[in-house]
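J.: Quick one, what's the 3D model for this:
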Amino acid sequence: MDLMANPDETRKRLWQLLGDIPQPFLPDVSVLSKRDEPGYTLEHLSFANGVGDTVYGYMLLPKNIAKPAPALLYHHEHGGKYSLGKDAAIKVRENGYAPGLALVEAGFIVLAIDAYGFGQREHQGPGGASESGASTELSLYKQFLWQGRSLWGMMVHDDLTALRYLRSRPEVDPARIGAVGMSLGGSRTTWVAALDEAVKAAVPISQMTRYRDFADSGNLRMHAIYYYVPGMLVSGLDMEHIVALTAPRHQLILTGDLDPLSPIAGIHKVMDYAGEVYRAAGAPDNLELALYEGVAHAYLPAMVKATVEFFGRTL
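T.: Next comes the predicted model:
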């Protein structure tokens with residue numbers, strides 16, 4: 001497919017791959033609680049996603065900054081950490097960092113939501129309270145297939161709906177919105193940036209998998225089931241087309257060169273193709289790749305620092 005000639009057709013085909021999902025919309029959000037933290041205010045919120053489920057999230061609002069301010073949609077990871085969800089943004093990890101807090105401290109408004117099966121949605125599946133975590137995830141995958149949808153499509157739908165809300169907040173400058181996340185969150189970041197041009201800068205971390213290269217590696221067991229988009233391998237599309245849809249907007253890819261979930265040969269194919277699209281768009285410097293030597297699937301403090309610096313100069 002010649003993406004440079006017809007990006008709208010590529011985007012249309014991506015929507016088709018996601019299945020029969022509803023269009024994103026501006027949700028009616030309830031603020032469940034507010035609390036003051038050092039340097040920021042934390043809002044706990046929820047909204048109905050249009051298909052009978054409730055999405056829960058955190059809004060982190062820095063204090064003492066000029067408004068409207070730049071804002072970020074933060075996408076949490078997977079890693080089997082089903083109970084974590086949106087708390088991944090504010091939880092200080094073993095190595096001493098909390099990605100969302102680092103961004104708030106740098107002056108960014110941050111919105112983080114629970115994806116299907118995570119955080120407050122861990123029991124939000126067909127089995128209700130009788131199942132959780134991986135069981136909820138698998139049941140949702142089956143249910144959505146029956147409905148002509150996909151789990152991945154519904155995750156992306158919720159993210160795009162959250163993005164509509166983020167853009168609507170009076171504290172947010174809608175011309176300065178970015179997206180970031182690691183692993184599952186990295187793929188969510190890439191797809192959201194490809195499908196909605198409201199994202200002006202994106203940082204996918206430790207997940208830049210080219211679907212064909214990953215399939216050829218034989219390591220399908222290593223990705224959770226959310227990752228498998230029906231029809232992807234026969235669609236004529238792959239990760240390079242999705243990444244290229246963000247052109248000419250800013251994009252920084254951070255990943256280890258030994259990550260088994262992102263075979264290095266595939267990363268280079270993505271960069272070669274998407275780089276050409278960026279060059280054709282007159283913005284060759286807006287697509288960046290930072291490879292961390294000797295690093296597998298990880299979220300390093302150096303990646304957090306690189307993310308903060310990137311958004312500081314692009315938003």
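J.: what is the mean pLDDT for stretch 133-150?
T.: Model confidence over stretch 133-150 averages 96 on the pLDDT scale.
J.: same check, this time on stretch 229-242
T.: 96.
J.: for I177, what are its contacts?
T.: P70, A71, L72, L73, L163, L166, R167, A198, V199, K200, L315 (Cβ atoms under 8 Å, 6 or more residues apart in numbering). C-beta coordinates here come from the backbone N, C-alpha and C atoms, glycine included.
J.: To clarify, my last question referred to A302.
T.: Counting by Cβ under 8 Å, 6+ apart, A302 touches Y292.
J.: how far away is it from I205?
T.: Distance, A302 to I205, using Cβ to Cβ, to the nearest Å: 11 Å.
J.: Same check on S150?
T.: Here the criterion is Cβ to Cβ. By it, S150 lies 23 Å from I205.
J.: same check, this time on V243
T.: When Cβ to Cβ is the yardstick, V243 and I205 sit 14 Å from each other.
J.: any idea how far stretch 289-304 is from the chain center?
T.: In terms of Cα atoms, centre = their mean, to the nearest Å, the centre of stretch 289-304 is found 17 Å from the chain centre.
J.: what does stretch 165-173 give?
T.: For stretch 165-173, the distance to the chain centre is 18 Å (Cα atoms, centre = their mean).
J.: Pull up the distance across it, start to finish.
T.: Taking Cα to Cα, to the nearest Å, stretch 165-173 runs 12 Å from one end to the other.
J.: same thing with stretch 233-251?
T.: So stretch 233-251: terminal residues 24 Å apart, Cα to Cα.
J.: Would you mark the buried spots in it?
T.: Within stretch 233-251, the residues scored as buried using 16 or more other Cβ atoms under 10 Å are 235, 237-251.
J.: And those residues, which two are furthest apart?
T.: Greatest spacing in these, by Cβ to Cβ: S235 and H250 (26.6 Å).
J.: just the strands in the stretch 1-150 of the chain please.
T.: Residue ranges of the strands in the stretch 1-150 of the chain, as given by DSSP state E, counting those that start in this stretch, are 29-37, 40-48, 54-62, 69-75, 109-113.
J.: With mean neighbour count, mean pLDDT and distance to Q16 as new columns, can these be given to me in JSON lines?
T.: Below are these laid out as JSON lines (neighbours: other Cβ atoms under 10 Å; pLDDT from 0 to 100; distance: least, Cβ to Cβ, whole Å):
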{"stretch": "strand 29-37", "mean neighbour count": "11", "mean pLDDT": "97", "distance to Q16": "29"}
{"stretch": "strand 40-48", "mean neighbour count": "18", "mean pLDDT": "98", "distance to Q16": "25"}
{"stretch": "strand 54-62", "mean neighbour count": "22", "mean pLDDT": "98", "distance to Q16": "24"}
{"stretch": "strand 69-75", "mean neighbour count": "27", "mean pLDDT": "98", "distance to Q16": "23"}
{"stretch": "strand 109-113", "mean neighbour count": "27", "mean pLDDT": "98", "distance to Q16": "25"}
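J.: quick one, strands of the stretch 151-300 of the chain?
T.: 172-182, 201-205, 250-256, 287-292.
J.: on that earlier part again, quick one, which of the strands of the stretch 1-150 of the chain is nearest to G128?
T.: Of all the strands of the stretch 1-150 of the chain, strand 54-62 comes closest under Cβ to Cβ, at 13.1 Å.
J.: ok and that closest one relative to strand 29-37, angle-wise?
T.: 40 degrees (axes from the mean of the first three to the mean of the last three Cα atoms, to 10 degrees).
J.: tilt between strand 54-62 and strand 172-182?
T.: Going by the same axes, to 10 degrees, strand 54-62 makes 110 degrees with strand 172-182.
J.: Walk me through which strands strand 54-62 pairs with, and which way each runs.
T.: strand 40-48 (antiparallel), strand 109-113 (antiparallel) (DSSP bridges).
J.: Pull the distance from it to the chain's centre.
T.: 15 Å.
J.: Likewise for stretch 202-222?
T.: The chain centre lies 15 Å from the centre of stretch 202-222; the measure is Cα atoms, centre = their mean.
J.: Now that stretch: buried residues?
T.: Buried, per 16+ other Cβ under 10 Å, within stretch 202-222: 202-211, 213-215.
J.: circling back to that earlier point, reformat the strands paired with strand 54-62 as CSV; add distance to Q23.
T.: Output for the strands paired with strand 54-62, formatted as CSV (distance: least, Cβ to Cβ, whole Å):
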stretch, distance to Q23
strand 40-48, 15
strand 109-113, 18
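J.: what's the spacing between the residue of the chain most remote from its centre and Y116?
T.: For the chain, the largest distance from the centre (Cα atoms, centre = their mean) belongs to S130, which lies 28.4 Å off. Applying Cβ to Cβ, the value for S130 to Y116 is 17 Å.
J.: coming back round to it: need the worst-confidence member of the buried residues of stretch 202-222.
T.: T209 (83).
J.: surely that one meets M239?
T.: Yes: under the criterion of Cβ atoms under 8 Å, T209 makes contact with M239 at 6.2 Å.
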